[in-house]
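A.B. asks: Here you go, sequence then predicted model.
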Number of protein chains: 2
Amino acid sequence: MSIDSVDDARSEAIEHLEQFGLSAYAARTFVALTTFGSGTATEISEISNVPRTRVYDAVDELQERGLVDVQQSSPKQFWAVSAETAQRILVQEIEHRTDRLNSALNALGPRQQKHEQQGVWTVDDQPAVTDRVLEFVRGADDEIVYMTVEELLTDDIIDALAAAADRGVTIRLAGISSDVQELIREDVPGVELFDSMWLWSDTPAGRLMMVDREQTLVSVIVNGKASPPSDPRSETAIWGAGETNSLVVVLRTLFTWRLEHDEVDD
Amino acid sequence: MSIDSVDDARSEAIEHLEQFGLSAYAARTFVALTTFGSGTATEISEISNVPRTRVYDAVDELQERGLVDVQQSSPKQFWAVSAETAQRILVQEIEHRTDRLNSALNALGPRQQKHEQQGVWTVDDQPAVTDRVLEFVRGADDEIVYMTVEELLTDDIIDALAAAADRGVTIRLAGISSDVQELIREDVPGVELFDSMWLWSDTPAGRLMMVDREQTLVSVIVNGKASPPSDPRSETAIWGAGETNSLVVVLRTLFTWRLEHDEVDD
DNA sequence: GTGTTTTGTGATTATCTGAGTGAAATTTCG
DNA sequence: CGAAATTTCACTCAGATAATCACAAAACAC
């Protein structure tokens, strides 16, 4: 293990600890202590570059979080919990927080979801688009039509589709190469696969979906812009909901025609 | 649901969102949007007290985290994801972070744990003490002696003890009322229970433990100080490790005598 | 089409937290 | 007791973020 890789790990650990709400001093102190297990303020200061006089504050902070124990002697000795224990402590804090956040948000009164909407919303970045797709799939009652390319048919989406199928939702999938079709059939029983070459046969792909004929989403990969090989996950989507929503109307027309036409071939 | 309870939930949600790294404006904007589902900058400003001109920055921040979608019209409309989705997004971020943190910490080189130590370390607050107890139990190889009162024999400790018993560690427990003894026997097969009235029969209880005869921990409940009914979870412990550690030597002597003496009665 | 209001963007100021520094108080040890 | 180290405390400074303001662009009213 080279000096650099240790230094990298060190600064990465510090960075992440700060994101858990620790001060810079506390984070650096903890990392210093973790490499040794224990040490005095002077020792900590030397390898962490934390001013010696402020090590004590940093340790106080860590102690309150249960990450460090102290030996009441002079000079004081400080001891850090193991990486595993630290992780356990931090994760537990987070879980507690997410629970409280969730109940607080729900206490604000469940708002009226879905239903009629006028405009069209835009979502940026692939993870966010995937989130929206998942949300739609999870809320589906009757039918899901989903056209995409394999790169965008990730495991979490397949799982959500399978769950929807389980509760009786009709799944209609398109855009899958025949190789993958078999796999999908196994994972999502009852899925209905149909061709879709009439669209983006070779274009910079995206997704196209309709749920219960009243929610629709269209996305495109937009890495054609500045730097093609830079970030392949730049995707932009628009979506709309409601019987009379313009985007819904357009896509429903398209899909309906396509699906009916398909039934003949099938 | 009264105004106050809604307000409470609101500020609590804001507080927690900030702890996830959101700015105050972003947090308040998100909460405002969550109550409505969607709205314009002016509407958001009115109920969130975020300066209208700053709502846009706040929304940018939320958009980058995938918590809000935008409608490109004038006036712009903003839409917030559901509480469930928000939680999913945030938890996923956190999980990613803890993974990276853990590997970074482990990359710092596993330090030499346990072994000979000179002094005794002090731990404050009940959760932290429990953490240390758990750490000891998990690292036990041969034998665990644990004396405590029922309040401090929580489920996670019982689980850890059961796991230790599974891998062949001898468990010797004391301080349990006979009512609970039966339960313990079921959860931790092979556990050895012995009496302990010679200590703290009715005193402000604590814990006393020894692992592999080379790690020991003593704790006391200290709520006798300022306000008795204030915080019942104020516990302070000291622990030490190593064959020759003074605390270990003392406790080992006590325990050894006690255990041998006990065998006769048993 | 023009004047007025609303909306969006950018620049500017104020406030606050936390990093960094240094001076006193305490302790240890010769 | 005095010197050196340790520990605590008070203070300055910088960067971030909250808050305000000024202006351009768009929508609306008439």
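C.D. replies: Thanks, I have the structure now.
A.B. asks: Could I get the contacting residues of A:Gly240?
C.D. replies: Contacts for A:Gly240 (CB atoms under 8 Å, 6 or more residues apart in numbering or on different chains) come out as A:117, A:119-121, A:215-216, A:246-248. For the C-beta atoms, the positions are set from N, CA and C on the backbone; glycine is no exception.
A.B. asks: Among these, the buried ones, what's the PyMOL command?
C.D. replies: Burial among the contacts of A:Gly240 is assessed by 16 or more other CB atoms under 10 Å in any protein chain shown; the matching PyMOL selection reads:
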select buried, chain A and resi 117+119+120+121+215+216+247+248
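A.B. asks: Out of the contacts of A:Gly240, name the ones that lie in helices.
C.D. replies: A:246-248 (DSSP state H).
A.B. asks: Lowest-confidence entry in these?
C.D. replies: Ranked by pLDDT, the ones in helices among the contacts of A:Gly240 bottom out at A:Ser246, which has 88.
A.B. asks: From B:Val249, how far off is that one?
C.D. replies: According to CB to CB, to the nearest Å, A:Ser246 stands 81 Å off from B:Val249.
A.B. asks: Next: A:Leu67.
C.D. replies: 28 Å.
A.B. asks: more neighbours, those two?
C.D. replies: A:Leu67 (25 against 14; other CB atoms under 10 Å in any protein chain shown).
A.B. asks: Check what pLDDT the more buried one gets.
C.D. replies: pLDDT, read off for A:Leu67, is 95.
A.B. asks: coming back round to it: turn the ones in helices among the contacts of A:Gly240 into TSV, columns for distance to chain B.
C.D. replies: Putting these into TSV (distance: CB to the nearest CB, whole Å) gives the following:
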residue	distance to chain B
A:Ser246	12
A:Leu247	11
A:Val248	15
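A.B. asks: Of those, which is the nearest to A:Glu235?
C.D. replies: A:Leu247 (17.1 Å; CB to CB).
A.B. asks: Now do the contacts for that closest one.
C.D. replies: A:Leu247 touches A:120, A:216, A:218, A:238-240, counting by CB under 8 Å, 6+ apart.
A.B. asks: Give me every residue in the stretch 1-150 of chain A lying close to DNA strand C.
C.D. replies: A:23-25, A:50-51, A:53-54, A:73-74 (CB under 7 Å from any atom of the strand).
A.B. asks: 6 Å instead, please
C.D. replies: A:23-25, A:51, A:53-54, A:74 (CB under 6 Å from any atom of the strand).
A.B. asks: The residues you listed into CSV, with extra columns for secondary structure, neighbour count and pLDDT?
C.D. replies: Compiled in CSV, those are given as follows (DSSP: H, G, I helix; E, B strand; the rest coil; neighbours: other CB atoms under 10 Å in any protein chain shown; pLDDT from 0 to 100):
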residue, secondary structure, neighbour count, pLDDT
A:Ser23, coil, 16, 96
A:Ala24, helix, 13, 96
A:Tyr25, helix, 21, 96
A:Pro51, coil, 11, 95
A:Thr53, helix, 9, 95
A:Arg54, helix, 15, 95
A:Ser74, coil, 7, 79
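A.B. asks: Run through the residues you listed and flag the ones next to DNA strand D.
C.D. replies: Okay, of those touching DNA strand D (CB under 6 Å from any atom of the strand), that's A:53, A:74.
A.B. asks: Closest to DNA strand D out of the residues of the stretch 1-150 of chain A next to DNA strand C?
C.D. replies: Lowest distance from DNA strand D to these (CB to the nearest atom of the strand) belongs to A:Thr53, with 3.5 Å.
A.B. asks: how many neighbours does A:Gly242 have?
C.D. replies: Count around A:Gly242 with other CB under 10 Å applied: 17.
A.B. asks: quick one: it from chain B, how far?
C.D. replies: 13 Å (CB to the nearest CB, to the nearest Å).
A.B. asks: So the closest residue to A:Asp124 other than its chain neighbours: helix, strand or coil?
C.D. replies: Of all residues not flanking A:Asp124 in the chain, A:Thr236 sits nearest, at 5.5 Å (CB to CB, 6 or more residues apart in numbering or on different chains). Under the three-state scheme (DSSP: H, G, I helix; E, B strand; the rest coil), A:Thr236 adopts strand.
A.B. asks: quick one: buried residues of stretch A:146-163?
C.D. replies: In stretch A:146-163, residues buried by neighbour count (16+ other CB under 10 Å) are A:146-149, A:152-153, A:157-158, A:160-162.
A.B. asks: Return the subset of those lying in strands.
C.D. replies: Using DSSP state E, the members of the buried residues of stretch A:146-163 that fall within strands are A:146-147.
A.B. asks: And for the closest residue to A:Ile158 other than its chain neighbours, the neighbour number?
C.D. replies: Distances taken as CB to CB, 6+ apart put A:Asp187 closest to A:Ile158, at 5.4 Å, once the chain neighbours are dropped. By the measure other CB under 10 Å, the count of residues near A:Asp187 is 14.
A.B. asks: what's the spacing between A:Asp187 and A:Ile171?
C.D. replies: Taken as CB to CB, the span from A:Asp187 to A:Ile171 is 11 Å.
A.B. asks: Same check on A:Ser246?
C.D. replies: From A:Ser246 over to A:Ile171 (counting by CB to CB), the distance is 26 Å.
A.B. asks: Show me what the longest helix anywhere in chain A is packed up against.
C.D. replies: The helix that spans the most residues within chain A, counting by DSSP H, is helix A:83-107. Here helix A:83-107 touches helix A:24-36, helix B:3-19, helix B:83-107, helix B:126-139, going by 3 or more CB pairs under 8 Å, 6 or more residues apart in numbering or on different chains; DSSP states H and E.
A.B. asks: if I look at the residue of chain A most remote from its centre, how far off is B:Gln117?
C.D. replies: Distance to the chain centre peaks in chain A at A:Ser74, reaching 48.1 Å (criterion: CA atoms, centre = their mean). Distance of A:Ser74 to B:Gln117, computed by CB to CB: 17 Å.
A.B. asks: what sits against the closest residue to A:Val169 other than its chain neighbours?
C.D. replies: Of all residues not flanking A:Val169 in the chain, A:Ala140 sits nearest, at 4.9 Å (CB to CB, 6+ apart). Shown in contact with A:Ala140 (CB under 8 Å, 6+ apart): A:164, A:169, A:211-212.
A.B. asks: Same list, the residues you listed, but as TSV with pLDDT please.
C.D. replies: What follows is the contacts of A:Ala140, written out as TSV (pLDDT from 0 to 100):
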residue	pLDDT
A:Ala164	94
A:Val169	94
A:Val211	95
A:Asp212	94
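A.B. asks: Sitting in strands, which of these do you find?
C.D. replies: Per DSSP E, those map to strands at A:Val211.
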